[in-house]
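1. Quick one, fold the following:
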Amino acid sequence: MTRTTATGIGFVAVLLWALLAYFTAASGEVPPFQLTAMSFGIGGLAGVATWLLRPQGIKALRQPWRVWALGVGGLFGYHFLYFTALRNAPTVDASLIAYLWPLLIVVLSALAPGEKLRAHHVAGALMGFAGAALIVTRGQSLSLNPDYAFGYAIAFLAAFVWSGYSVLSRRFAEVPTDVVTGFCLVTAVLATGAHLALEDTVWPSGMGQWLAVLGLGLGPVGLAFFVWDIGVKRGDIQVLGAASYSAPLLSTLLLIALGASPFTWVVGTACLLITLGAVVAAKDMILRRGRAG
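-> Numbering: from 1, shown residues only. The predicted structure follows:
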């Protein structure tokens, strides 16, 4: 598998994450940790189902404790911290801080084997963050309140955990992606514990909401983590980091297409910033392909 192909596969995760807001809203009033447990359970069981055709896949679960600590810490740790941040700070503020993770991936990638951080990687990521900030704040000013300092700190920690997981995964490039099935199942169990301790159980109401939960488990909280694993281990991680800022934009464009949100100058400007940012960050890859052609 070439580096470019792996990068493309990793970007599929970004496309799937663009569906996250839609499916989450369509799932009804299911509490966050319960929804996390249900969707990761579905994603993990879908991975197990593939082992019926590939019995050798289950062997991927035999990994050192460091691999399990990284995988479960990344998947469950990020979601636990993110939802905790939302409980302790305004949604817009916490979401924007948590969405520093693509920028942190670009910066921290300098620590990954075989990677070198260049100015255009950082510039592209910053442009992407500016575009994402417009989407999250809807073009309004952001005023951080010191009363929510704890929530802000947890949101930043969430961003650091996911970016750390993504970058450190590159150090375990030889570990088969099938191990993500195990990460999903353990995350589902831990999320169930968090749900029972912190939330009241609310089940989806009607077929539409159940299908939304199924869609979450198969896509944004299922397949997405498998293709992301391939991308961060074998692809261009700086490009993936910068391109990840397109997820909130694509999510917004989907809502516009469905008539749930209007197209505004904020969306247009964000589209321009995120697209240019991704192109700038991908300069090396684009030039390599041009020379190859």
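2. name the helices or strands packed onto the lengthiest helix in the chain?
-> The helix that spans the most residues within the chain, counting by DSSP state H, is helix 65-88. Secondary-structure packing of helix 65-88 (3 or more Cβ pairs under 8 Å, 6 or more residues apart in numbering; DSSP states H and E): helix 32-50, helix 91-98, helix 149-168, helix 179-198. The C-beta positions use only the backbone N, C-alpha and C, and glycine is treated the same way.
3. Which residues does that helix contact?
-> 32-33, 36, 40, 94-95, 97-98, 148, 150-152, 154-155, 157-158, 161-162, 164-166, 168-169, 172, 175, 179-180, 182-184, 186-187, 190-191, 194, 225 (Cβ atoms under 8 Å, 6 or more residues apart in numbering).
4. Need the mean per-residue confidence for that helix.
-> The pLDDT scores in helix 65-88 average 95.
5. Pull out the buried residues from that helix.
-> Within helix 65-88, the residues that qualify as buried are 67, 70-86, 88, counting by 16 or more other Cβ atoms under 10 Å.
6. Show me where the stretch 101-250 of the chain has its helices.
-> Ranges of helices within the stretch 101-250 of the chain are 101-108, 119-137, 149-168, 179-198, 207-218, 224-234, 237-243, 246-257, based on DSSP state H, counting those that start in this stretch.
7. which helices and strands sit right next to the shortest one?
-> For helix 237-243, the packing partners by 3+ Cβ pairs under 8 Å, 6+ apart come out as helix 3-17, helix 101-108, helix 119-137, helix 149-168, helix 224-234, helix 265-281.
8. One more: the first one?
-> When contacts are defined as 3+ Cβ pairs under 8 Å, 6+ apart, helix 101-108 sits against helix 119-137, helix 149-168, helix 237-243.
9. got those as JSON lines, with mean neighbour count, distance to Pro102 and mean pLDDT columns?
-> Formatted as JSON lines, the helices and strands packed on helix 101-108 follow (neighbours: other Cβ atoms under 10 Å; distance: least, Cβ to Cβ, whole Å; pLDDT from 0 to 100):
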{"stretch": "helix 119-137", "mean neighbour count": "21", "distance to Pro102": "6", "mean pLDDT": "79"}
{"stretch": "helix 149-168", "mean neighbour count": "21", "distance to Pro102": "8", "mean pLDDT": "92"}
{"stretch": "helix 237-243", "mean neighbour count": "28", "distance to Pro102": "5", "mean pLDDT": "85"}
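10. Any idea which of those helices gets closest to Phe11?
-> helix 237-243 (5.8 Å; Cβ to Cβ).
11. Can I get that closest one as CSV, trimmed to CA atoms?
-> Extracted in CSV, the C-alpha atoms of helix 237-243 (Å, rounded to 0.1, in the frame of the first residue of the first chain):
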residue,chain,number,x,y,z
ILE,A,237,-0.3,12.1,8.9
GLN,A,238,0.3,15.9,8.5
VAL,A,239,-2.1,16.0,5.5
LEU,A,240,-4.7,13.9,7.4
GLY,A,241,-4.4,16.3,10.4
ALA,A,242,-5.1,19.4,8.3
ALA,A,243,-7.8,17.7,6.2
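12. what's the distance between it and the middle of its chain?
-> 12 Å (Cα atoms, centre = their mean, to the nearest Å).
13. nearest residue to Pro102 other than its sequence neighbours?
-> Nearest residue to Pro102 in three dimensions, chain neighbours excluded: Ser244, at 3.9 Å (Cβ to Cβ, 6 or more residues apart in numbering).
14. is it true that the one you found touches Ile105?
-> Yes - contact criterion Cβ atoms under 8 Å: Ser244 and Ile105 qualify, at 7.3 Å.
15. low pLDDT regions in this structure?
-> 112-115, 141-143, 260-261, 282-293 (pLDDT under 70).
16. Distance of the closest residue to His121 other than its chain neighbours relative to Trp203?
-> Leaving aside its sequence neighbours, His121 sits nearest to Gln238 (Cβ to Cβ, 6+ apart; 4.2 Å). As judged by Cβ to Cβ, to the nearest Å, Gln238 and Trp203 stand 42 Å apart.
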